[in-house]
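Peer 1: how would this look folded up:
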Amino acid sequence: MSDLSESNELIKVAGGDEIAYNRLYYKYHQQLGKHIFRITNSVDLAEEIVMDVFLKIWMNREVLAGVKNFKAYLFVISKNHTLNCLRKLSIERQHFNDFEESYTSSHIGSSSDPNDYYTILDEAIDRLPPQQQKVYLLSRHERLRYAEVANRMNISRESVKKYLQIATFSITNYVLTNFHILLILSIIFI
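Peer 2: Model prediction:
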């Protein structure tokens, strides 16, 4: 695509032309995926970020009419989104590690059953609404990607993402609340 024809494509996309948008997607998605993979070293995360970036571009397509260099625009958006995702993953891992360390250290010398945590986790999952529960189990236990879960459940990828966020938040709150109660009770009865 020449610069002039790409400018015309961007104007068409800004006006809501899905065919022009698909042409841009097919022109750049593999390049972008390779670029993001170099940063993340994860095929799954790179695929997810590519989809998120192109979704973001579609949702904010009106600004494309003023973009002079789409490739540079695309790579800047993707770099920022990738860094945000990596930051979020790092924070989530740190929270998990902190929780796991807290759990382990609080049970040294305790008479409490180590399986209590898993029992509470199972209870938290059982308490989820059916759609959230199914999304959570398909994503976390069967390790399916968002797109695979969406196809299996016949819902949008964005719905999968939202259900998973809500489910994770609910489970975390339930486990933390109930686990702290269990710890307090085990300390009292020791």
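
Peer 1: For the rest of this, base every contact and every neighbour count on C-alpha atoms.
Peer 2: Noted.

Peer 1: pLDDT averaged over stretch 128-142 - what is it?
Peer 2: When pLDDT is averaged along stretch 128-142, the result is 90.

Peer 1: List the contacts of it.
Peer 2: Here stretch 128-142 makes contact (Cα atoms under 8 Å, 6 or more residues apart in numbering) with 125-126, 144-146, 149, 160, 163-164, 166-168, 170.

Peer 1: which SSE is N8 in?
Peer 2: helix 3-14 (DSSP states H and E).

Peer 1: what packs against that helix?
Peer 2: With contacts taken as 3 or more Cα pairs under 8 Å, 6 or more residues apart in numbering; DSSP states H and E, helix 3-14 sits against helix 18-40.

Peer 1: Could you tell me the angle between the helix it packs on and helix 3-14?
Peer 2: Angle, helix 18-40 to helix 3-14, by axes from the mean of the first three to the mean of the last three Cα atoms, to 10 degrees: 100 degrees.

Peer 1: in helix 18-40, what's buried?
Peer 2: Under the neighbour-count criterion of 16 or more other Cα atoms under 10 Å, helix 18-40 has A20, Y21, L24, Y28, H29, L32, G33, K34, H35, I36, F37, T40 buried.

Peer 1: Now do the fourth one against Q131, distance only.
Peer 2: Pointing back at Y28 there. Going from Y28 to Q131 by Cα to Cα, to the nearest Å gives 34 Å.

Peer 1: same check, this time on the first one
Peer 2: Here the criterion is Cα to Cα. By it, A20 lies 35 Å from Q131.

Peer 1: cool, and the fifth one?
Peer 2: Shown here: H29 relative to Q131, a distance of 31 Å by Cα to Cα.

Peer 1: For the contacts of stretch 128-142, which ChimeraX command selects only the ones that are buried?
Peer 2: ChimeraX command restricting those to the buried ones, with burial defined by 16+ other Cα under 10 Å:
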select :125,144,145,146,149,160,163,164,167,168,170
